[in-house]
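Asker: sequence plus the predicted model coming up.
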Amino acid sequence: MGKVSIGLRGWRFDEEEVFTDDGEYRPMDEMDDDTQTRLFRLSALVGSPCHACWLIHGDENIVMCNEMNVVYGEPLAEVGICSEHETDFLFWYFEEGGDRFRGEERLQDEFLEWFADGGRAPEGYAGMEHVDTDPDDLPEPPESDPSELNVELPEDEQERIDLRDVDMSRDYPT
């Protein structure tokens, strides 16, 4: 068994970590935490608009955005892009120094800032070649329970946040 992408290209999983010998999904509690987190996140990302398209069209014209079909980065700080904009991401990553953000949550913000500032791959940039092997022939994933990801903190480490008392003059990330 080797590495596979599930739902979107980009994130790679060990087949034996995710699938049984019969080709069915393993129960979530048999997968490591990182695999569980990425699979939960993928369920939210599949069908979502491409981040680069969204920067171009905005919420007002979101129907003009392509769906993402590639994901790079870390869960909750990932870059989700369509095939049309994948070459822009790869150019930024390999040619413009984006690789220095590998494994960091800043990867998403740094790429989107570069793209919003007009950064694009030059015409004819080759990007990366992908091999799809029967992407529609996957078993249905097991039902997941997002509460399994909740962590109980000791009372002395918990912090209460009053959402009615937020400093709105700060520039919060979106």
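Answerer: Nice, I can see it.

Asker: where does this protein dip in pLDDT?
Answerer: Applying pLDDT under 70 to the chain picks out residues 1, 127-154, 156-174.

Asker: quick one: the strands in it?
Answerer: Secondary structure of the chain by DSSP state E: the strands cover 3-4, 13-14, 70-72, 79-81.

Asker: for these, which one sits closest to L55?
Answerer: Across the strands of the chain, the minimum distance to L55, taken as Cβ to Cβ, is reached by strand 79-81, at 10.5 Å. Every residue, glycine included, has its C-beta placed from N, CA and C.

Asker: packing partners for that closest one?
Answerer: helix 51-57, strand 70-72, helix 83-95, helix 106-116 (3 or more Cβ pairs under 8 Å, 6 or more residues apart in numbering; DSSP states H and E).

Asker: is I6 in contact with E17, as I believe?
Answerer: No. With contact defined as Cβ atoms under 8 Å, I6 does not reach E17; the gap is 11.0 Å.

Asker: for the two, indicate the residue with more neighbours.
Answerer: When neighbours are counted by other Cβ atoms under 10 Å, I6 comes out ahead of the other of I6 and E17, with 21 against 15.

Asker: what is the burial count for R38?
Answerer: Burial of R38, expressed as a neighbour count using other Cβ under 10 Å, amounts to 22.

Asker: and it, how far from P27?
Answerer: Distance of R38 to P27, given as Cβ to Cβ, to the nearest Å: 16 Å.

Asker: got it, and G119?
Answerer: Taking Cβ to Cβ, one finds G119 at 43 Å from P27.

Asker: which one of those two has more residues nearby?
Answerer: G119 (17 against 10).

Asker: need the contact list for that one.
Answerer: When contacts are counted by Cβ atoms under 8 Å, 6 or more residues apart in numbering, G119 touches 88, 92, 96.

Asker: pull out the buried members of those.
Answerer: 88, 92 (16 or more other Cβ atoms under 10 Å).

Asker: closest to N69 out of the contacts of G119?
Answerer: N69 lies nearest to D88 out of those, by Cβ to Cβ, at 14.2 Å.

Asker: okay, now the residue lying closest to the closest one once chain neighbours are set aside: neighbour count?
Answerer: Distance criterion Cβ to Cβ, 6 or more residues apart in numbering; nearest residue to D88, sequence neighbours excluded, is A121 at 4.8 Å. A121 sits with 19 neighbouring residues when counted by other Cβ under 10 Å.

Asker: any idea how far H85 is from A121?
Answerer: The value you get for A121 to H85, if Cβ to Cβ is used, is 9 Å.

Asker: next: W11.
Answerer: In terms of Cβ to Cβ, W11 sits 17 Å off from H85.
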